[in-house]
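A.B. asks: only geometry, no sequence info:
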């Protein structure tokens, strides 16, 4: 009997040993299989980036700043600024931990309790609806994986979370989270959200504001403080409650935050877009230097030379000046009639004769059809339906004292093609610009350091983005004469020399005689000094002086000053060379800078998202003319204002100097001048270079400069 019991006990013990051994083997195999699976899955995981690698890869916003630090332009794919770990404010850190992961600094990337809870909920619901995610897991999901809800992705997320915790510090992981998360209204990360919602840097957020932002994370649209103020406030109070419950903030701090009013701004900086032609020129330069990828993704900080006060004065002068042109009958219609260029003699729209709308700068007449309820203006042009770009009516609305948004033109208008878009059904929609009168370009720079302070390239950037101030080269007319006389003084002519204003002829091409004439057409036979000759803009004396020193001397000086390609003949004395307003303004600035020259610049510094300086403007001045010559020309140019072609400026209480210019057939009207360290130019002319009957630099461009000075000095 005892043997039977002993035998049974031995059998049971053997069975237990076998079972235990099997279980150990199964467990070992399971562990090996699991390890193999983990190894296989890990091999296919994306590489975990360092914080610096994340900073470099993630799309960031690039910003352009005026000289006073105001934001004037933004370029981005995603509006994001990376928050550096060392710059993470304590209020933001507390609020986001209370809202999302209070034990973030205690766990190793995973919350096993949260995972277990999520698994039970998912099993109960029969689908994956919760993830039990820590901040580390959320970073993995947003930066390294997709947001799809599958067990495979969740497994990969868990593995990556542990790898992320090994490679990055907790502060780095939190900074990535605070930089990457979507915060509604096109804003990514807390830096941009703080700028957008509160118009303040993230470092300045109080606890109430930080709690509001932390509350948005759970549902950027549902908890928007702009669209759903009540929901946002409820979520904010929840976060504040969590701050107290988790001990991340004291009861007193939370109570103070509850009683702190939060003002929502919800907009762009007020200076954004104030100088579109200037910022477009800067944008083009940054693209040339670094490419579109850097501008749109790399978070560049671009500090420029734009002076907002100067820019505002220039823009006001252009706005008022084009209205004054219109009221003085300087219009496209009037100049078309005067020049007998009214589309081959037509005075009305002929639907049968014009099968196509010509591209700009050519123009054709259009007949208004209707001002529609949606704000569009329908016109009939060349037998086709088109829509008029409302912004191109700006000067007409201003001149008539009407609101541009509701202005409805009645008379026929000269128009040029703006755009032609193809709809989904294959139909074409034409948009045209009204061509009311000549365009205006303006440049203002500092004569001493050649920094561009302001730039306007046309009447309206939205309808006419072509930047005439930088990209348009036009004959400079008599504004060439200061350079001519400077070259003369540098090459043997004395400032006290005199010249007779009488008829002189030269043998030109094919043996033809060329006899230059003055603007008035006559010769008074008087003797002129250089100052008076420049003030009266006497062509004959300019040609005589150029003949005396040789055209090559002036060609070389102009080329040195950034105006290349001048013709090497006596016609150069009358301004046959072409230059952009920017180039001409910079060249003229030598007379306000004691003869010093340098390349004009609009960008002072470019910094990348890591704070590394990519570009810093470095002056490279040269001295193409002597200080004595520059001083003499400055005196002569003052005479242009006191007794010459720019006499309209003489009543201003400032030491203004400058030179007018009128090109052949009055196609361009110029004034370039300065006061103290400021030098400015204004160019007036049609894009197709149509003649402006009776226009001169004195009666057409000088008024713009006068308006600028009045606005800039506070006289208007």
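C.D. replies: Everything's here; your move. Please read these numbers as outputs of a predicted model, since none were measured by experiment.

A.B. asks: Quick one: distance of stretch 444-461 to the chain centre.
C.D. replies: For stretch 444-461, the gap between its own C-alpha mean and the chain's C-alpha mean amounts to 14 Å (CA atoms, centre = their mean, to the nearest Å).

A.B. asks: Which residue is the nearest non-sequential neighbour of residue 434?
C.D. replies: Computed as CB to CB, 6 or more residues apart in numbering, the closest residue to residue 434 that is not its neighbour in sequence is residue 392, at 4.3 Å. Glycine gets a C-beta too; all of them are placed from N, C-alpha and C.

A.B. asks: Then residue 465?
C.D. replies: Closest to residue 465 by CB to CB, 6+ apart is residue 280, at 6.8 Å.

A.B. asks: what residues are up against the one you found?
C.D. replies: 457, 461, 465, 467 (CB atoms under 8 Å, 6 or more residues apart in numbering).

A.B. asks: Would you check how far apart it and residue 457 are?
C.D. replies: 8 Å (CB to CB, to the nearest Å).

A.B. asks: Quick check: neighbours shared by those two?
C.D. replies: With CB under 8 Å, 6+ apart, residue 280 and residue 457 have common neighbours residue 467.

A.B. asks: what's near enough to touch the residue most central in space within the chain?
C.D. replies: With distances taken as CA atoms, centre = their mean, residue 279 lies nearest the centre of the chain, 3.5 Å away. Residues in contact with residue 279 (CB under 8 Å, 6+ apart) are 64, 72, 73, 273.

A.B. asks: quick check, nearest of these to residue 647?
C.D. replies: Nearest to residue 647 among those: residue 72, at 36.6 Å, using CB to CB.

A.B. asks: Secondary structure element for the closest one, which one?
C.D. replies: strand 71-75 (DSSP states H and E).

A.B. asks: Would you mind pulling the contact partners of that strand?
C.D. replies: Applying CB under 8 Å, 6+ apart, the contact partners of strand 71-75 are 61-66, 268-269, 271-275, 278-279, 282-283, 295-296, 304, 306.

A.B. asks: biggest strand in this protein by residues?
C.D. replies: Of all the segments of type strand in the chain, defined by DSSP state E, the longest one is strand 413-422.

A.B. asks: Give me the buried positions along it.
C.D. replies: 413, 414, 415, 416, 417, 418 (16 or more other CB atoms under 10 Å).

A.B. asks: Please apply the same query to stretch 463-483.
C.D. replies: Those would be 463-464, 466-470, 472-483, for stretch 463-483 by 16+ other CB under 10 Å.

A.B. asks: strands paired with the strand holding residue 72, and their directions?
C.D. replies: strand 62-65 (antiparallel) (DSSP bridges).

A.B. asks: The residue nearest to residue 434 against residue 437, yeah?
C.D. replies: No. Counting by CB atoms under 8 Å, residue 392 does not reach residue 437; the two are 11.2 Å apart.

A.B. asks: still on that earlier bit, and the next element down the chain from the strand holding residue 72?
C.D. replies: In N-to-C order, the element after strand 71-75 by DSSP H and E is strand 79-80.

A.B. asks: Would you mind checking the average pLDDT for whichever helix or strand comes after that following strand?
C.D. replies: The helix or strand immediately downstream of strand 79-80 is helix 90-100, counting by DSSP H and E. Helix 90-100 carries an average pLDDT of 96.

A.B. asks: elements contacting helix 90-100?
C.D. replies: Packing partners of helix 90-100 (3 or more CB pairs under 8 Å, 6 or more residues apart in numbering; DSSP states H and E): helix 135-139, helix 170-180, helix 207-216, helix 229-245.

A.B. asks: residues in contact with it?
C.D. replies: Contacts for helix 90-100 (CB under 8 Å, 6+ apart): 104-105, 135, 138, 174, 177-178, 190, 202, 205-207, 209-211, 213-215, 217-218, 238-239, 242-243, 245-246, 248-249.

A.B. asks: Now do the buried residues in it.
C.D. replies: In terms of neighbour count (16+ other CB under 10 Å), helix 90-100 has its buried residues at 91, 92, 93, 94, 95, 96, 97, 98, 99, 100.

A.B. asks: Can you give me the distance of the second one to residue 219?
C.D. replies: Separation of residue 92 from residue 219 (CB to CB): 19 Å.

A.B. asks: next one: phi and psi at the residue lying closest to residue 485 once chain neighbours are set aside?
C.D. replies: Setting aside the residues directly before and after it, residue 485 is nearest to residue 530 in space (CB to CB, 6+ apart), at 5.3 Å. The phi/psi pair for residue 530 (degrees, to the nearest 10) reads phi -60, psi -40.

A.B. asks: Can you verify my assumption that residue 530 contacts residue 495?
C.D. replies: Yes. Residue 530 is within contact range of residue 495, at 6.3 Å (criterion: CB under 8 Å).

A.B. asks: Quick check: neighbours shared by these two?
C.D. replies: Overlap of the contact sets of residue 530 and residue 495 (by CB under 8 Å, 6+ apart) consists of residue 632.

A.B. asks: So between those two, which is more surrounded?
C.D. replies: residue 530 (27 against 17; other CB atoms under 10 Å).
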